[in-house]
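**Student:** What shape does this take:
(one chain, ligands or ions: 2)
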Amino acid sequence: MSKQIQSIRGMHDILPADTAAWQWLEDQLRTVLQSYGYREIRMPIVEKTELFKRSIGEVTDIVEKEMYTFDDRNGDSLTLRPEGTASCVRAGIQHGLLHNQQQRLWYQGPMFRHERPQKGRYRQFHQVGVETFGIAMPEIDAELIVLSARLWKVLGITDVTLELNTLGSTQARQVYREKLVSYFTDHRGDLDEDSLRRLETNPLRILDSKNPHMQRMIEQAPALADHLDAESAEHFEKLKSLLDHLEIKYHINPRLVRGLDYYTKTVFEWVTSSLGAQGTICAGGRYDGLVQQLGGRETPAAGFALGVERLLELIKSSQEATHTFALDAYLLTMGDSTLEAGLKLAESLRSQLPTLRLQVNAGGGSFKAQMKRADKSGARFALILGEDELQAGQVSLKNLRDASEAQRSVNYEEALNILSA
Ligand code: ATP
Ligand code: MG
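**Tutor:** Ligands and ions are numbered 1, 2, ... in the order given. You can find the predicted model right below:
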């Protein structure tokens, strides 16, 4: 035997036993998104590397060290998308979806980041992303938040809190950034290696350092909230009041800065304490400058992305998510002439009852062997077509999940009625 080839570290197969939960979750998400009028968009998984450099930012963790980047056969630098917002904006500009109009869009699919794999952190993972364009007012920020809150409700997730902050306008952040650099420079001695690097490149990110030795010093750093421009401050007040009206609880976290460069004004994260270190299940905010930055006309925008694996982990134990794929019936054929008739009967049942989940025995086998397969298949009923039944225009029906119910022969019409019940 030659050596087996394994999947790539941090990239996982989703096996049949798990796909029912995925599909259930995807259905729930789609239903809620549609109930707010969001329409799905599907973008390619591979984009030009420059797209992510220009949007996420050259000095972010993602672009600096997490992207899967390669040259294709023409020598163009391409990247497996690490997130969806950049692609969505690119597609929106390219197809004229953004200028002078409002859009409410969503997408789903795999994202790729070369991170250290651990629970809740993979190299291929899945996001559902939601993006809105053309709406500058805080009611859309509120809509995104109330929509995500509804998702948790529908999914039965209760252990989740909303962290909220505002980053102000790009200009206000520039002024704040200088203050911050001068403060951190004065406290250079307290900075760890990562933070020293960020001091040059992305000083705001020092604020969300998890290093316990730096916490005191960070707490005393100038606060972004004291350097907000008037418009951003007003936007934030209005958002908070809308959330109050909608009875959405939030926790203002002045150190929530998010890892991507493109955010302005509102940023938020939904965090749970049930998943250990990987507790953020959903994150987003406003990014009014990004469309222009990627070559479009100035367009206000806001959105969020949620991590599907983390959500699944969170709802794993809940009733709703423990769906499994279940067959309604398993058809056995006994005798030489019954196989053709069985296949035809199955086709006819499927035509008349398109939602029927019916598996036909394949690969022969004794009655006992076929019954064993039928039982293992999880099907509710066994349909048995032997020579006698065939002659009589009937089929034997056995309830595999209720032994007290006697096996009986019924005609095809009755069988259909029972299966559709
Ligand atoms: P984290 O702080 O956990 O690294 P992030 O800020 O990098 O998250 P975003 O880019 O905002 O994450 O992505 C949105 C969501 O996607 C996250 O809140 C998380 O639920 C999920 N996510 C991000 N990276 C991963 C990953 N490597 N594996 C699984 N899920 C992820
Ligand atoms: Mg990350």
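
**Student:** Give me the residues contacting the helix ranked longest in the chain.
**Tutor:** Across the chain, the longest stretch assigned as helix under DSSP state H is helix 16-35. Residues from elsewhere that reach helix 16-35 (CB atoms under 8 Å, 6 or more residues apart in numbering): 14, 40, 106, 108, 128, 130, 147, 150-151, 154-155, 308, 311-312, 315-316, 320-325. Every C-beta, even on glycine, is put in place using the N, C-alpha and C of the backbone.

**Student:** just how off-centre is the next helix or strand after that helix within its chain?
**Tutor:** Counting by DSSP states H and E, the next helix or strand C-terminal to helix 16-35 is strand 39-40. Centroid separation between strand 39-40 and its chain, computed with CA atoms, centre = their mean, to the nearest Å, is 14 Å.

**Student:** Just the mean pLDDT for strand 39-40, thanks.
**Tutor:** When pLDDT is averaged along strand 39-40, the result is 98.

**Student:** Run through the neighbouring helices and strands of it.
**Tutor:** strand 103-112 (3 or more CB pairs under 8 Å, 6 or more residues apart in numbering; DSSP states H and E).

**Student:** Any of the contacts of helix 16-35 buried? List them.
**Tutor:** Among the contacts of helix 16-35, those buried by neighbour count (16 or more other CB atoms under 10 Å) are W106, Q108, V128, V130, L147, L151, L155, V308, L311, L312, I315, A321.

**Student:** Can you pick out the ones from the contacts of helix 16-35 that are in helices?
**Tutor:** L147, R150, L151, V154, L155, V308, L311, L312, I315.

**Student:** Look at the closest residue in space to the second one that isn't next to it in sequence and say how many residues are nearby.
**Tutor:** If I follow you right, that is R150. Leaving aside its chain neighbours, R150 sits nearest to V32 (5.6 Å; criterion: CB to CB, 6 or more residues apart in numbering). By other CB atoms under 10 Å, 18 other residues sit near V32.

**Student:** cool, the one 10 residues further on as well?
**Tutor:** Around R42 sit 10 other residues, with neighbours defined as other CB under 10 Å.

**Student:** so what's it up against?
**Tutor:** Counting by CB under 8 Å, 6+ apart, R42 makes contact with Y107, G109.

**Student:** Check G10 too.
**Tutor:** Here G10 is in contact with H114, E115, P117, Y122, R123, Q124 (CB under 8 Å, 6+ apart).

**Student:** hang on, I93 packs against V291?
**Tutor:** Yes: using CB atoms under 8 Å, I93 is in contact with V291, at 6.6 Å.

**Student:** Leaving out chain neighbours, which residue sits closest to P222?
**Tutor:** K179 (4.8 Å).

**Student:** no, scratch that, I was asking about V160
**Tutor:** T272 (4.8 Å).

**Student:** State the distance from the one you found to A142.
**Tutor:** 21 Å (CB to CB, to the nearest Å).

**Student:** Just confirm yes or no for stretch 265-277 near ligand 1.
**Tutor:** No: for a cut-off given as CB under 6 Å from any ligand atom, stretch 265-277 has no contacts with ligand 1; the smallest distance is 6.8 Å.

**Student:** Could you pull up the residues touching T333?
**Tutor:** L339, A341, G342, V360, N361, L385, G386.

**Student:** State the pair within those residues that is farthest apart.
**Tutor:** Using CB to CB, the contacts of T333 span at most 14.7 Å, a distance reached by V360 and G386.

**Student:** State the pLDDT value of H323.
**Tutor:** 65.

**Student:** if you look at stretch 109-121, does any of it touch ligand 1?
**Tutor:** Yes: with CB under 6 Å from any ligand atom as the measure, stretch 109-121 is seen reaching ligand 1 through R113, E115, G120, R121.

**Student:** Would you check that the first one makes contact with K65?
**Tutor:** Meaning R113. No: here R113 lies out of contact with K65, judged by CB under 8 Å, at a distance of 9.2 Å.

**Student:** More neighbours: which of those two?
**Tutor:** R113 (20 against 10).

**Student:** Look at the nearest residue in space to P300 that is not next to it in sequence and tell me its secondary structure.
**Tutor:** Distance criterion CB to CB, 6+ apart; nearest residue to P300, sequence neighbours excluded, is A136 at 3.8 Å. For A136, the secondary-structure state derived from DSSP: H, G, I helix; E, B strand; the rest coil is coil.

**Student:** and A136, how many residues sit next to it?
**Tutor:** For A136, using other CB under 10 Å, the count is 16.

**Student:** Let me see the contact set for the residue in the stretch 301-421 of the chain positioned nearest to ligand 1.
**Tutor:** Here the stretch 301-421 of the chain gets closest to ligand 1 at one residue, G307, 2.3 Å apart by CB to the nearest ligand atom. Residues in contact with G307 (CB under 8 Å, 6+ apart) are G120, F125, H126, Q127, T280, I281, C282.

**Student:** Let's see which of those residues end up in helices.
**Tutor:** Going by DSSP H, the helices hold none of these.

**Student:** Make JSON lines out of those residues and add pLDDT and neighbour count.
**Tutor:** Converted to JSON lines, those look like this (pLDDT from 0 to 100; neighbours: other CB atoms under 10 Å):
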{"residue": "G120", "pLDDT": "94", "neighbour count": "18"}
{"residue": "F125", "pLDDT": "98", "neighbour count": "21"}
{"residue": "H126", "pLDDT": "98", "neighbour count": "20"}
{"residue": "Q127", "pLDDT": "98", "neighbour count": "23"}
{"residue": "T280", "pLDDT": "96", "neighbour count": "16"}
{"residue": "I281", "pLDDT": "97", "neighbour count": "25"}
{"residue": "C282", "pLDDT": "98", "neighbour count": "25"}
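
**Student:** Spatially, which two of those residues are the most separated?
**Tutor:** So, the contacts of G307 by CB to CB: farthest apart are H126 and T280, at 14.9 Å.
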